[in-house]
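Chemist: mind looking at a prediction? Sequence and model below.
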Amino acid sequence: MTPPTPLIAGNWKMNGTGPALVEARAIADAADVAGVRLALCPPATLVERMSREAAGSRLEIGGQDCHADASGAFTGDVSAEMLREAGARLVILGHSERRAGYGETDALITAKALAALRAGLEPIICVGETRAEREEGRALAVVTRQIRGSLPAELAGKPFTVAYEPVWAIGTGLTPTLEDIAEVHHAIRATLKDMFGEAGAAPAILYGGSVKPGNAAEILALPEVGGALVGGASLKAADFLAIVAGAPKA
Ligand code: PGA
């Protein structure tokens, strides 16, 4: 099976209003890079406008979360179908800020992944250990348990992506050693193959957590690292494009 095409995805989190679209436009204009996929996941309020900015370019747009249901009495929520209609093609699910801040469980993330499939969105499902879990030597156990718990069997053969984001590396400037990143990515790949058979070789496994132009190339060159989920450094086109430039191309 051919290795997955690397994906560099930006997660804008709760950042960005209309004027920030100029950054997305600059990324869209530079997105015609062979052998690598580029994506931006803005706040829900910008998905439609950013999709219009990206129209005709290779920049893909995603949401940052979705509800498991298509519609209903869920004040404040956005469904996968709504994101899709607004132009999204991807959706981040199970980010640690949602697992920790909103009590999202593996079971809920599974339901959201099914919603993404129903709506034709490619889920980017996030996993990662806390600092305490790493210090206790439980990183691999936690991450593989999250993979088994958060990925429905229905994903077999469908386009989806996994992102390994150690909680303690997000927004802190800290990153695991290259050896530790490689070890976790190998464990994730082995788990995906165990769950999905040969189809488990297809999904890209992204690394996320304090990826920036200065460290991206060495992380992205590791075996089984199929791209990056970039937070802070995705807000400026120059930084994001510098990370893309350092990515190996398929
Ligand atoms: P960061 O965030 O790059 O700002 O550390 C990554 C993420 O939360 O996806």
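Modeler: That came in fine, so what should we check first? Numbering: from 1, shown residues only.
Chemist: every contact and neighbour count from this point should use C-alpha atoms.
Modeler: Noted.
Chemist: what's next to the longest helix anywhere in the chain, contact-wise?
Modeler: When every helix of the chain is counted residue by residue (DSSP state H), the longest turns out to be helix 178-196. Defining contact as CA atoms under 8 Å, 6 or more residues apart in numbering, one finds that helix 178-196 is touched by 139-140, 143-144, 147-148, 153, 156, 164, 199-201, 205, 207, 218-219, 222-225.
Chemist: please pick the buried ones from those.
Modeler: Among the contacts of helix 178-196, those buried by neighbour count (16 or more other CA atoms under 10 Å) are 139-140, 143-144, 147-148, 156, 164, 199-201, 205, 207, 219, 222, 224-225.
Chemist: tell me, what's the model's pLDDT at the residue of the chain most remote from its centre?
Modeler: Within the chain, residue 73 marks the point farthest from the mean C-alpha position, 27.6 Å out by CA atoms, centre = their mean. Per-residue pLDDT puts residue 73 at 98.
Chemist: check the gap between it and the ligand for me.
Modeler: 29 Å (CA to the nearest ligand atom, to the nearest Å).
Chemist: then residue 200?
Modeler: In terms of CA to the nearest ligand atom, residue 200 sits 23 Å off from the ligand.
Chemist: in three-state terms, label that residue for me.
Modeler: The three-state label given to residue 200 by DSSP: H, G, I helix; E, B strand; the rest coil is helix.
Chemist: once you drop chain neighbours, what's closest to it?
Modeler: Nearest-residue entry for residue 200: residue 193, 4.2 Å, with adjacent residues in sequence omitted and distances by CA to CA, 6 or more residues apart in numbering.
Chemist: got it, and residue 32?
Modeler: Nearest non-adjacent residue to residue 32, counting by CA to CA, 6+ apart: residue 58, 5.9 Å away.
Chemist: residue 41 too?
Modeler: residue 62 (4.4 Å).
Chemist: the helix or strand hosting that neighbour - what's its average pLDDT?
Modeler: Under the criterion of DSSP states H and E, residue 62 resides in strand 59-63. Throughout strand 59-63, pLDDT has a mean value of 98.
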